[in-house]
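J.: Quick one, what's the 3D model for this:
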Amino acid sequence: MISKYKHKGLNWVDLESPTEEEITYILEEYTIPVFIKDEISLKSKEDIIKLDNGYIFAHLNLPDYSQGGNNSNRLIIVTNDNFIVLIHDEPMDAIGELSKEMELDTITEEKFGANNNRLLFAHLLKSLYTNTQKQLLEREARINHLQNIITLNIKKSKSIILYLAFSLLVAIILIIICL
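T.: Take a look at the predicted model:
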C-alpha cells in the first residue's frame, strides 16, 4: 500500500507491505539512483546506511516485540532534499506515531522541528529506536510479572507439599497407634 504525505515542504512516501510493482513504480517516479535500486533488490539481512550523491539509504532490520514474538521488521529508508521514502513489510508503531505527529503539527500549527528530509530521517530513526526501547521495557515488565507469579506459585506449592507431608505423617502415626 502506498501512502503519500506532504508536510511543510516535506514529501514522504510510505510503502507498507508493498508489491514489487509498487516499489518499482515509486523508484521510477522519484528517479531513485541505480545503486539504491540494487541495494533494495538484495534484501540483505544486515543493517546498511549509505550516503551517496545527496541520498541517504538505510536498510534496517528492526526487532518487533509488540506481539510477544521475536520478529524482525525490514525497513528501507531513501531520502534526499526532495523526499523521503519508507518501505516496510509490516505496520510499525513508530511510523504510525510519526504520521500522527505530522498530522497534529499541521492542524495545531505546532513546531514539528523537522523542516527538511534529513531532519525527518533523524527524527524517524530516533522514533524507531525509542519505540523498540518501549517494547523492550514492556516485555521486561511482563517477564517480571510472570516471575512474580511463578515465585508465588512455587511458595504455594511448597506450602501444600508441607501440609500434605504433615497430614500424611499424622495419619501414619494414628494408624500405628491404632494398631
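J.: my guess is residue 91 contacts residue 16, does it?
T.: Yes: applying CB atoms under 8 Å, one finds residue 91 in contact with residue 16, separated by 6.2 Å. Just so you know, the C-beta spots here come from the backbone N, C-alpha and C atoms, and that holds for glycine as well.
J.: The two: which is more packed in?
T.: Legend: neighbour count by other CB atoms under 10 Å for residue 91 and residue 16, higher for residue 16 (17 against 13).
J.: Name the residues linked to that one by a beta bridge.
T.: Residue 16 has the following beta-bridge partners by DSSP bridges: residue 88.
J.: Break down this structure into its helices, ranges please.
T.: With DSSP state H, the ranges of helices along the chain come out as 20-29, 34-42, 93-108, 117-178.
J.: Now do the end-to-end distance for stretch 25-38.
T.: Length of stretch 25-38, first residue to last, CA to CA, to the nearest Å: 15 Å.
J.: meant to ask about stretch 78-88, not that
T.: OK, stretch 78-88 end separation, CA to CA: 12 Å.
J.: what comes up buried for that stretch?
T.: Buried residues in stretch 78-88, counted by 16 or more other CB atoms under 10 Å: 78, 79, 80, 83, 84, 85, 86, 87, 88.
J.: ok, back up a step: tell me which of the helices of the chain sits nearest to residue 58.
T.: helix 117-178 (7.8 Å; CB to CB).
J.: Give the other helices and strands that that closest one contacts.
T.: Judged by 3 or more CB pairs under 8 Å, 6 or more residues apart in numbering; DSSP states H and E, helix 117-178 is in contact with strand 10-16, strand 55-64, strand 71-79, strand 84-88, helix 93-108.
J.: of all the ones you listed, which lies closest to residue 147?
T.: Set against residue 147 and scored by CB to CB, those come closest in strand 55-64, at 21.6 Å.
J.: partners of the closest one in the sheet?
T.: Applying DSSP bridges, strand 55-64 is found paired with strand 48-52 (antiparallel), strand 71-79 (antiparallel).
J.: can you give me how far it is from the chain middle?
T.: In this view, strand 55-64 has its centroid 12 Å away from the chain centroid, taken as CA atoms, centre = their mean, to the nearest Å.
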